[in-house]
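Novice: Turn this into a model:
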Amino acid sequence: MSIPRKGLGRLAGVLIVAAAATLAAAAPAVAAGSSISIETLKFKHANIDATSTVVNTLTFTIADSHTNATGIGGDLFVRQLGSAPGTFIGDTYDVFFSFGNSGFGGATFVSGSPQKSTYTYDFVVPTYANAAKATWIVSKVVISDGLAGGNLNADPANLGHFQDSFTAKENIDTIKPSYQMNWDTNSGPSHRPYLFLDGTHPVRTGYTVDVQDGQSGFWKGSLQLRGPTGQTVMAPFAYVEPNAETTASGCGFSGGGTINDTSCGVDVTFPADAAPGVWNVAQVSLTDNAGNRFVDKQPDTTPITLTSNSALAAHDFSLTPNPVDDWIGDVTVQVGMTVTGATGGVSAIYVESDGVSGCLPGATTPTIGADGTVSVPVLMFQRSPSCPIDGIAVVDGAGNIALYGPDYGAPDPGLTITNIPDTVAPVATAASLSTTTISDEQISTGPGIDLIVQITSQIAPVDQFSIVLYDVDGNSVGEEFGGTGVLGGLNGTMTQSLPLPFFLAPGTYTVGFSITDEGGLTSSYGISGDVNSQPLPSGPLSFTVTP
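Specialist: Sure, this is the predicted structure:
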């Protein structure tokens, strides 16, 4: 993955100061046509002992002739100078700054205005290098005041070699990096190391590489993957300081850890013309900040299988049964298909769903039908409305793969398990009360009155009810809504207590109720104001409260 530059993202327009091995003249550095210049840029110490932790303070002053500029900011980059002119060793240290702001790992604003401002940064000098003496320099500077117009885009060819550097006494790094590596299960479709080649688009996966280097720390590395025809793919990665500019996959700032013990997410991209078959990591290369390089030509990690479905293929996909009646309980559905080109038979079929659709793939060893078709089960959970099949991976006895479905970016077989629709509301065939007389004392002390309803459903069982009590004037004096788990099937008895309010006045009261099935269909009986309410199945329900 490419790591974004936070500093450059804040403002538009740049002034770039190229690195050089020698100090420039004292004149300010300015790009032709730019309003911005660097007036001072200096480390506190020209020579320093960095064999133990030490800080060398960098001070710099930025001028801007734009009188209407209200802010200015950018990045300074510090690196160790290499042995050849214009070369560097190790990681880039990004020092970002912004007018009026301090902290957050960047430079400290000292004083001034957007037209002339001074900053300091305490650079913690690395204690290990490739030699007893190392030169550290400001390798690049990027500045902007955020104003529109191309006059702030300075041409590096017009800049003076204005920079600063210092020499540090260092401990010599004598060790090479070490690592552990795993295929990143989150980087593959459906967490499987299979990728589909459509012949047009590149495909991507990734590895996690944990690198340790106890001295100068990890700098950069690469993975080389080799395919069945000898074709190779390179995947670079590097330790990334905050805001550092890199096109390699990131470690440290993006993946966690420190420069001495870091986790790297390494992106691997296979071109559209990559050879189908098994690809293995053939080489791991690691380099630390002192230039020490470790190469492992026999890494042990998960291979990646690429397929274009040319050698092994499946067709005539089916779901049996479909739709399913899952209103009462879970239902097993067989995902079937015809497979051609299998070597050594079909050893496994992996079915993928999105994980939230209420279904669960089962055994992966296929069942072979009398007609030669193969199938594996998927469990459709009770009351699940649908289950899309998002991916299918077919594996034969020789390890060949055929992939289908959007999870793999492969041809979609268009399989979705659905349940049968609930089209018929439940029916109350009889209703009664456990008693028709109750005293006002019993209302508060019990027992109360139960509503007993005989229910028949054709498709979905009842799981909700409501009860309403009415006085002689038809006013509602008590209501209750809730769910019931009493019914274990389509037909059964629902028993619920009437909602009897305390201090219910003596007199006669009537009862209305409704029942709702798991599909949301409702039948009402004796409910006032409900135009769809039906007469009570066994005649009016009433009870009397006595003093």
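
Novice: Using PDB, write out every CA atom in the host helix or strand of residue 89.
Specialist: Using DSSP states H and E, residue 89 maps to strand 88-98. Only the C-alpha atoms of strand 88-98 are listed here, as PDB (Å, rounded to 0.1, in the frame of the first residue of the first chain):
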ATOM      1  CA  PHE A  88      21.500   7.900   0.900                       C
ATOM      2  CA  ILE A  89      21.400   5.000   3.400                       C
ATOM      3  CA  GLY A  90      18.400   4.100   5.500                       C
ATOM      4  CA  ASP A  91      15.000   5.600   6.300                       C
ATOM      5  CA  THR A  92      13.800   9.100   5.700                       C
ATOM      6  CA  TYR A  93      13.000  11.200   8.800                       C
ATOM      7  CA  ASP A  94      10.100  13.600   7.900                       C
ATOM      8  CA  VAL A  95      10.000  16.900   9.900                       C
ATOM      9  CA  PHE A  96       6.700  18.600   9.300                       C
ATOM     10  CA  PHE A  97       6.000  22.100  10.400                       C
ATOM     11  CA  SER A  98       3.100  24.600  10.300                       C
END
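
Novice: Give me the buried stretch members for it, please.
Specialist: Burial within strand 88-98, assessed by neighbour count using 16 or more other CB atoms under 10 Å, is assigned to 89, 90, 91, 92, 93, 94, 95, 96, 97, 98. To be clear about C-beta, it is placed using only N, CA and C from the backbone, and glycine gets the same treatment.

Novice: C-terminal to that strand, what's the next element?
Specialist: strand 108-113.

Novice: Give me the below-cutoff pLDDT ranges for the stretch 351-500 of the chain.
Specialist: Under the criterion pLDDT under 70, the flagged ranges of the stretch 351-500 of the chain are 355-357, 484-488.

Novice: First-to-last residue distance for stretch 112-119?
Specialist: End-to-end distance of stretch 112-119 (CA to CA, to the nearest Å): 9 Å.

Novice: how about it: buried residues?
Specialist: Neighbour counts over stretch 112-119 (16+ other CB under 10 Å) mark 112, 114, 115, 117, 118, 119 as buried.

Novice: Now find how far off-centre it is within its chain.
Specialist: 42 Å (CA atoms, centre = their mean, to the nearest Å).

Novice: give the contact list for the residue lying closest to residue 405 once chain neighbours are set aside.
Specialist: Nearest residue to residue 405, sequence neighbours excluded (CB to CB, 6 or more residues apart in numbering): residue 391, at 3.9 Å. Going by CB atoms under 8 Å, 6 or more residues apart in numbering, residue 391 touches 189, 190, 350, 351, 352, 403, 404, 405, 406, 407, 408, 410.

Novice: Mind telling me the two of the buried residues of stretch 112-119 farthest from one another?
Specialist: Taking CB to CB, the two most distant members of the buried residues of stretch 112-119 are 115 and 119; they sit 14.5 Å apart.

Novice: hang on, the earlier thing: which among the contacts of residue 391 count as buried?
Specialist: Buried members of these, scored by 16+ other CB under 10 Å, are 189, 190, 350, 351, 352, 403, 404, 405, 407, 408, 410.

Novice: what's the helix or strand for the fourth one?
Specialist: Right, the one you point to is residue 351. Short version, using DSSP H and E: residue 351 is in strand 346-352.

Novice: Which strands or helices does the very next helix or strand once past that strand pack on?
Specialist: Going down the chain from strand 346-352, the next helix or strand is strand 359-361, by DSSP H and E. The criterion is 3 or more CB pairs under 8 Å, 6 or more residues apart in numbering; DSSP states H and E, and the helices and strands that strand 359-361 contacts are strand 346-352, strand 374-380.

Novice: hey, what's the residue nearest to residue 405 bridged with?
Specialist: When bridges are called by DSSP bridges, residue 391 pairs up with residue 352.

Novice: cool, and residue 47?
Specialist: Beta bridges link residue 47 to residue 167, judged by DSSP bridges.

Novice: Name the residues of stretch 280-296 that come out as buried.
Specialist: Neighbour-count burial for stretch 280-296 flags 281-292, 294 (criterion: 16+ other CB under 10 Å).

Novice: Could you export that stretch as PDB, CA atoms only?
Specialist: What follows is stretch 280-296, C-alpha atoms only, in PDB (Å, rounded to 0.1, in the frame of the first residue of the first chain):
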ATOM      1  CA  ASN A 280       5.300 -19.400  -4.000                       C
ATOM      2  CA  VAL A 281       7.400 -16.800  -2.200                       C
ATOM      3  CA  ALA A 282      10.800 -17.600  -3.700                       C
ATOM      4  CA  GLN A 283      12.900 -15.000  -1.800                       C
ATOM      5  CA  VAL A 284      12.600 -12.600   1.100                       C
ATOM      6  CA  SER A 285      15.100  -9.700   1.100                       C
ATOM      7  CA  LEU A 286      15.600  -7.400   4.100                       C
ATOM      8  CA  THR A 287      17.900  -4.400   4.500                       C
ATOM      9  CA  ASP A 288      18.500  -2.400   7.700                       C
ATOM     10  CA  ASN A 289      19.400   1.300   8.100                       C
ATOM     11  CA  ALA A 290      23.100   0.500   8.000                       C
ATOM     12  CA  GLY A 291      22.800  -1.300   4.700                       C
ATOM     13  CA  ASN A 292      23.100  -4.800   6.200                       C
ATOM     14  CA  ARG A 293      21.100  -7.200   3.900                       C
ATOM     15  CA  PHE A 294      19.500 -10.500   4.700                       C
ATOM     16  CA  VAL A 295      18.200 -12.800   1.900                       C
ATOM     17  CA  ASP A 296      16.200 -15.900   2.500                       C
END
